[in-house]
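> Would you be able to build a 3D model of this:
(chains A, B, C and D)
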There are 4 protein chains.
Amino acid sequence: MLLSSATAMLAAARAEAEKLGVTVCVSIVDAAAWPMAFIRMEGTILGAIDVSNKKARTAAVFQMDSADFALIACPGGGAYSLENTNGGLTSFGGGIALKAKDGTLLGAIGVSGASTEDDIAIAQAAANALTA
Amino acid sequence: MLLSSATAMLAAARAEAEKLGVTVCVSIVDAAAWPMAFIRMEGTILGAIDVSNKKARTAAVFQMDSADFALIACPGGGAYSLENTNGGLTSFGGGIALKAKDGTLLGAIGVSGASTEDDIAIAQAAANALTA
Amino acid sequence: MLLSSATAMLAAARAEAEKLGVTVCVSIVDAAAWPMAFIRMEGTILGAIDVSNKKARTAAVFQMDSADFALIACPGGGAYSLENTNGGLTSFGGGIALKAKDGTLLGAIGVSGASTEDDIAIAQAAANALTA
Amino acid sequence: MLLSSATAMLAAARAEAEKLGVTVCVSIVDAAAWPMAFIRMEGTILGAIDVSNKKARTAAVFQMDSADFALIACPGGGAYSLENTNGGLTSFGGGIALKAKDGTLLGAIGVSGASTEDDIAIAQAAANALTA
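Residues are numbered from 1 along each chain as shown, chains lettered A, B, ... in the order given. Sure thing, here's the model as predicted:
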C-alpha cells in the first residue's frame, strides 16, 4: 500500500467524522502491522490514540475486522484470552482489514474516539476510499 | 528433550497441517518453558506467532494442555485471572504438555493459525511423534 | 497546535526529504507529548518508526531539541541515564521542540530514517513551516 | 523468503556451529522482522535465546548487520541510544541482514551463544546458504 493511499484514507476518515460531527484518531498500518500514517483530530480524547493503533494492529495480524475478532476473543468466546496476545488487542469494532480483490491483505485501519458505531462507519468510509 | 525430538515434532506438525490444508505456527519449549524450536508456515497470519508461543508456555508452566487450562482460567472458572499471569497465558486449545510415561514433564508444544480444533489435532500429531 | 499545523509540517518535511533524496518517518506530538500526526515515507527502514516517535517525545518532555538533550544525557554527560527515563528517550539529533515566540511549548517534531544531519534539516524545515 | 530457505539456513548454521565445536541459538525473521524459524542447540546458555532474536530484529529493522549497527549505536557513537529503541536492540555482531542482489531486504538472521566472532561466522555461513 502506498503512503498516498494511506493519506487518502485519512482524508476520507476525517471527512466522514466531520459529517457525523465527531472527532477521532485514525491509524493505518501495512500488511505486517507496521504504522504507516496517523492523525488525531482536535478534541479527541487522549485514550483513543492507543485504541486506534491497537484496532489497526488487531485487524492486520488476524486479517479480520476487530468487530469479528470480538466475537471469538472475549469471555465465553471460542478463543477467550486471544485479546491479550500480541501486546494487547481490541475486541470491539473500528478496526478493518484492508484486502485486495484476491483476498491479499494490504494493511488495516483503526478508528477510535467516537461511539463504536461511528468509529466503524468512519473506518468503512476510509476503506472505501482505498478501493474507489 | 533433544533438539532432534523438537525438530521431529515440527516436521510431524507440518505434515499434519498440510494434510488438513491449513498453515500454522509451531512452538516447542522445554520443561522450563524456554523456547527450543519454532516455525511459521508460509501464509500463516502474523498474530499466530505470539499465540503459539503462549500456548506452549501455558502448557509448560502449568503442566497441562491449554484446553484444560481454559476450563479453570476464565471468567466464572475456578481460577479466573490465572490467564493473566506469567506474561499472559492462553485459555483455549492448541497447547499440549509433553510428558514421559512416568508423568515427568519433558516440555510443551503450541500450535496456532488454524481453527482451534485443527490446532489441537496438529499439536497432538506432533506430540505423538515424540513418543513414537 | 492545530491538526492543520501538524499536517502542514508533515508536508514540509516530505518536501524537504524529497529534495534531499531520502525517505523518513515524521512524528508530531503536542505539548503534552501525545501523538498528533505521523507518516512513514515509502522505503523508510522500519526501525525509524519508533525512533521518530521517541525523538519527538524527547523534545516535548524536556522542551529541548534532542541534539541538545544528547549533550547531557549520555555516558560522561551531566545527566547520564536521563535517556533511560520516560520509556526510553533519544540522545541524538532529529527531535525539535516547537515553541511560540514567548517560549511556550507548542509541541515537538521527530524525524528519523536518513543521516542525523538530514533528519535535523528535515525537522527544521518542518518547524519553519509552523511559524511561516 | 520461503520457510524452506529459513530451515536451510538453520541447517547450515548448525553445521557450522558443530564444525566450530560450539552451541548457539539461531533466529530467522522476515523483512518485516516477524519470526520465521528458530532453534536452540542443546547446551546453549538460556540467555542466548533473546539475544539471537534481538540480533535478527536489529539487522532487519535497520537493514544492516548488528556489527555495523554497533559502531553507531553505542556510547560515543553517532547515534547513542538507538540501541534502546524498538524494544531493545543489539550492539554487537551476530545479526546479519539478508539481501537480494538488488539490495532488497529478504529478512535477517541472528546467532548467539558462542563468542561474537563465532556467532558472526555461523550467521555468515547460514547467510551464504541462502544465496548458494
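> Of all residues in chain A, which one is nearest the centre?
A:G110 (1.7 Å; Cα atoms, centre = their mean).
> element containing that residue?
Using DSSP states H and E, A:G110 maps to strand A:105-112.
> Please pull up the helix or strand immediately following that strand.
Per DSSP H and E, the helix or strand that comes after strand A:105-112 is helix A:116-131.
> Which other helices and strands does that following helix contact?
Packing partners of helix A:116-131 (3 or more Cβ pairs under 8 Å, 6 or more residues apart in numbering or on different chains; DSSP states H and E): helix A:3-20, strand A:25-30, strand A:95-99, strand A:105-112. C-beta here means a position set from N, CA and C on the backbone, and glycine is covered the same way.
> Pull the residues that contact stretch A:115-132.
For stretch A:115-132, contacts defined as Cβ atoms under 8 Å, 6 or more residues apart in numbering or on different chains pick out A:1, A:5, A:8-13, A:15-17, A:20, A:22, A:24, A:26, A:55, A:67, A:92-96, A:98, A:106, A:109-114.
> Pull out the buried members of those residues.
The neighbour-count test (16 or more other Cβ atoms under 10 Å in any protein chain shown) applied to the contacts of stretch A:115-132 identifies A:1, A:5, A:8-10, A:12-13, A:16-17, A:20, A:22, A:24, A:26, A:55, A:67, A:92-96, A:98, A:106, A:109-114 as buried.
> so what's the residue lying farthest from the centre of chain A closest to, chain neighbours aside?
Ranked by distance from the centre of chain A (Cα atoms, centre = their mean), the top residue is A:G76, with 24.1 Å. Among residues not flanking A:G76 along the chain, B:P75 sits closest, at 7.4 Å (Cβ to Cβ, 6 or more residues apart in numbering or on different chains).
> Find me the pLDDT at that neighbour, would you?
Predicted confidence (pLDDT) for B:P75: 96.
> for A:L46, same thing?
We have a pLDDT of 98 for A:L46.
> how about the residues of chain A near chain B?
A:32-33, A:60-63, A:75-76, A:78-82, A:84-87, A:89 (Cβ under 8 Å from any Cβ of the partner chain).
> buried subset of those?
Buried among these (16+ other Cβ under 10 Å): A:32-33, A:60-63, A:79-82, A:84-86, A:89.
> three-state assignment of the residue in chain A that chain D sits nearest to?
Evaluated by Cβ to the nearest Cβ, chain A has A:A32 as its residue closest to chain D, separated by 3.4 Å. What DSSP: H, G, I helix; E, B strand; the rest coil gives for A:A32 is coil.
> Which residue would be the closest one in chain A to chain B?
The shortest separation between chain A and chain B is 3.4 Å, found at A:V61 (distances taken as Cβ to the nearest Cβ).
> dump the residue contacts of that residue.
So A:V61 contacts A:A33, A:N86, A:L89, B:I45, B:L46, B:G47 (Cβ under 8 Å, 6+ apart).
> could you redo the last one with a cut-off of 6 Å?
Residues near A:V61 by Cβ atoms under 6 Å, 6 or more residues apart in numbering or on different chains: A:A33, A:N86, B:L46, B:G47.
> A:A70 too?
A:S91, A:F92.
> thinking again about what came up before, and the residue nearest to A:G76, its phi and psi?
Dihedral pair for B:P75: phi -50, psi 130, per degrees, to the nearest 10.
> got it, and A:G103?
According to degrees, to the nearest 10, A:G103 has phi 90, psi -10.
> Next, count neighbours for it.
7 (other Cβ atoms under 10 Å in any protein chain shown).
> now swap in A:I122 and tell me
Other residues near A:I122 number 29, with proximity taken as other Cβ under 10 Å.
> Export the helices and strands packed on helix A:116-131 to CSV and append columns for mean pLDDT.
Formatted as CSV, the helices and strands packed on helix A:116-131 follow (pLDDT from 0 to 100):
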stretch, mean pLDDT
helix A:3-20, 97
strand A:25-30, 98
strand A:95-99, 98
strand A:105-112, 98
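> wait, which of the ones you listed is closest to D:V51?
Within the helices and strands packed on helix A:116-131, the stretch nearest D:V51 is strand A:25-30; the backing value is 27.5 Å (Cβ to Cβ).
> which helices and strands does that closest one pack with?
helix A:3-20, strand A:35-40, helix A:48-62, strand A:105-112 (3 or more Cβ pairs under 6 Å, 6 or more residues apart in numbering or on different chains; DSSP states H and E).
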